[in-house]
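Chemist: Quick check, what structure comes out for this input:
(2 chains)
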Amino acid sequence: MLRFENVGMRYGVGPEVLRDVSFSLAPGSFHFLTGSSGAGKTTLLKLMYLALRPTRGLIHIFDQDVSMTPRTELPDLRQKIGVVFQDFRLINHLTAVENVALPLRVGGARPGDIDAHVRELLSWVGLGERLDARPSTLSGGQQQRVAIARAVINRPRLLLADEPTGNVDDRIAVRLMYLFEELNKTGTTVVIATHNNALVEKFAHPILRLDDGELTVRRKPDSRNSA
Amino acid sequence: MFGRNSDLPFERDQSTRFLPWIVALMVFLGVLMFAGALVVSDAVESWDNTLTGRMTVQVPERAASAEATARIAEQLRATDGIASVRVVPREEARALLIPWLGEGVRESALPVPDLIDLEVAPGARLDPVLLQARLAETVPDIAVDDHRAWLSALIDLARTAELLAFAILLLIASAAVVAVVFTTRSGLAVHAAIIELLHQMGARDTYIAGQFQLQALMLALRGGVAGGLAAVAVLLVFGWIGQGIEAAFLPDLSLSPVDWFVLLLVPAGAVAIAMLTARLTVLRALARMP
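Modeler: Numbers count the residues shown, from 1 in each chain, chains lettered A, B, ... in the order given. Okay, the predicted model is just below:
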C-alpha cells in the first residue's frame, strides 16, 4: 500500500527535517503518527499525500514509485487519498454539501451521482440538517465532520488525518476515533497524526513515532496491523 | 445545488474588478483602429480596381478637334491589347473639374483637353510610353497617363497606414495579454490555499485552469461587449457625419456588411486572448507545483 525507503526531506538548503525514514503500511492497516511539535509529522504526511517530493529515498504508493511517476499521473494517485487537515480547510463560500462534493467534482463525477451520495454521507456524520450551511455558520465540531466527510466521500484507499482531534474535547475525540475505525473496517488504510497520547494509548493500533526527524515503529501487544 | 461553476471565490477577488474595464478600453480602441484599417484597405482596393488596366489619353486643347480625337480613337481601337476605347464627352470632362473649380467651369474658357479612356485587355501588357510615342506621330504633345505614378504613392501611403493600424492593434492585444497575466497571477496568489487544496484532492491542472479560463471569459465578455458597443456607436456617428460630406477626392468611408462582420473579430479575439492567456498563465504556474 505505502512504503518509504530511506526517505530524507529538507526544505531548500535548510537541515533535513526527515532522515532515513523507512516504514511500510499494509492495506487496511491503522496507525497513529506521533511526535512532538516540529518532529516532522506534517512533513511526513505531506509526503504521504504527495504534496511534497522527497529530497532523497523512495516512496512507493499503491505499488507505484512516486519518484518515477510523471507529474500528470499524480492526480490519479491523489484521488485515492483522503486528507483531514488540522485546520479543516473548508472553502468558506461553498455550502457543506458543496465542500463535501468537491473531491467528486474534481474526479469528474456527474452532478446527478454526487447529490444523493453527499447527502447520505453528511446525514451519516450527523449533519443532515445543515446541508446548505456555510462553514462559518457551523461549530468547530460540525466543521470537523464536514472535513472528514469530504476526506472519505471518494472512498479513499488511504486516509490521512492531521491532528483531527486537536480542536475537540476528549468525548468527541473518542467518537471521531470510532468513526475512523469504522472507515478502517471498510478497507481504508488509516494514519492519524496526533500528539494526544491519552487517545493513542486508548486504542490498540501501532504507532509511527517521529523524533527529531527519525522514525521508529512501536507495535502494541494486541496490535493486529503490520508496519 | 451543484450548478456553481467555480470552486474559487472569484467574486471576492478585487483584482478582477478592473479587467472588464481594461478589456472594454482595448476593444474600443481595437475596433476603431481595425475599422480605420478596413476603410483604408477598401479605399485602396477600390482605387486599384478602378484604375488598374485603364489609361487616359489626353489630346491637348490646342490640337483637339473632333477629327483629331476621332483619329486617335480609331488608332487606339486598332492597337493590340486594348479592349475598349471611349471618348469622354467634353461636358463630362469639364464636370470632373467641378469639385475643385466650381460650377462656373462649365461655361469658362478654361482650356480642357479631350480625354479618351481606354481599357487594357486582361493579360495584355501595354507600355504607356511606347503608346504615347506612337500616338504623338499623329498628334504631337499627346499624353498617355496610366495613373500609376500617383496611385502607387497613394497605395504605399495607405498600406503604411494599414500596417500602422495593425501594429497598434497588436500593441493593444499585447497590453490586454499583460493585464490578463497580472490579474490571473494575482488571482493565483489570492486563492493559493484553495488551489493547493484542490491540487491535493487530485484536481488536474486543467481543472483549475478551466476555472480561471471561465472567469476570464466572463470578465472579458463583459468588457468586450461594452467596448464593442461603444466603438460601434462611434463608427455609426462617423458614418452618419461622413454621409454629409460631398468630396469626390475622398474615398467611400462607409463599412460594408463584411467589414462589420470582420469587426466582430476584435471583441471575439479579445475574449479568446483573455481565455487563452489565463489558461496558459495558470498552467505555467501550476506546473511548478509538485
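
Chemist: Which residues of chain B lie near chain A?
Modeler: For chain B, the contact set with chain A under C-beta under 8 Å from any C-beta of the partner chain comprises B:1-2, B:4, B:7, B:9, B:12, B:193-194, B:196-204, B:207, B:287, B:290. Heads up, the C-betas are built off the backbone N, CA and C, glycines and all.

Chemist: next one: phi and psi at the residue in the stretch 51-200 of chain B that chain A sits nearest to?
Modeler: Across the stretch 51-200 of chain B, the shortest distance to chain A (C-beta to the nearest C-beta) belongs to residue B:197, at 5.3 Å. Dihedral pair for residue B:197: phi -60, psi -50, per degrees, to the nearest 10.

Chemist: Could you give me the buried positions within the helix or strand encompassing residue B:43?
Modeler: For residue B:43, the element it lies in under DSSP states H and E is helix B:19-51. For helix B:19-51, burial by neighbour count (16 or more other C-beta atoms under 10 Å in any protein chain shown) applies to B:19-20, B:22-44, B:47, B:51.

Chemist: just stretch B:190-209 next, same as before
Modeler: Within stretch B:190-209, the residues that qualify as buried are B:190-191, B:194-195, B:197-205, B:207-209, counting by 16+ other C-beta under 10 Å.

Chemist: hey, where'd the helices end up in the stretch 51-200 of chain B?
Modeler: B:66-77, B:90-95, B:98-101, B:128-136, B:148-190, B:192-201 (DSSP state H, counting those that start in this stretch).

Chemist: Just name the most buried of those.
Modeler: Ranked by mean neighbour count under mean count of other C-beta atoms under 10 Å in any protein chain shown, the helices of the stretch 51-200 of chain B are led by helix B:192-201, which reaches a mean of 19.

Chemist: can you list contacts of it?
Modeler: For helix B:192-201, the surrounding residues in contact (C-beta atoms under 8 Å, 6 or more residues apart in numbering or on different chains) are A:49-51, A:78-79, A:83, A:89, A:91, A:102-103, A:106, B:7-9, B:188, B:207-208, B:286, B:289.

Chemist: are any of the residues you listed buried, and which?
Modeler: Buried members of the contacts of helix B:192-201, counted by 16+ other C-beta under 10 Å: A:49-51, A:78-79, A:83, A:89, A:91, A:102-103, A:106, B:7-8, B:188, B:207-208, B:286.

Chemist: Surely residue B:259 touches residue B:34?
Modeler: No: applying C-beta atoms under 8 Å as the test, residue B:259 and residue B:34 come out as separate, 9.1 Å apart.

Chemist: Now do the residue nearest to the spatial centre of chain A, the pLDDT please.
Modeler: Nearest to the mean C-alpha position of chain A, counting by C-alpha atoms, centre = their mean, stands residue A:160 at 1.3 Å. What the model reports as pLDDT for residue A:160 is 95.

Chemist: Just the ones of the buried ones among the contacts of helix B:192-201 in helices?
Modeler: Using DSSP state H, A:78, A:102, A:103, A:106, B:188, B:207, B:208, B:286 are the members of the buried ones among the contacts of helix B:192-201 that sit in helices.
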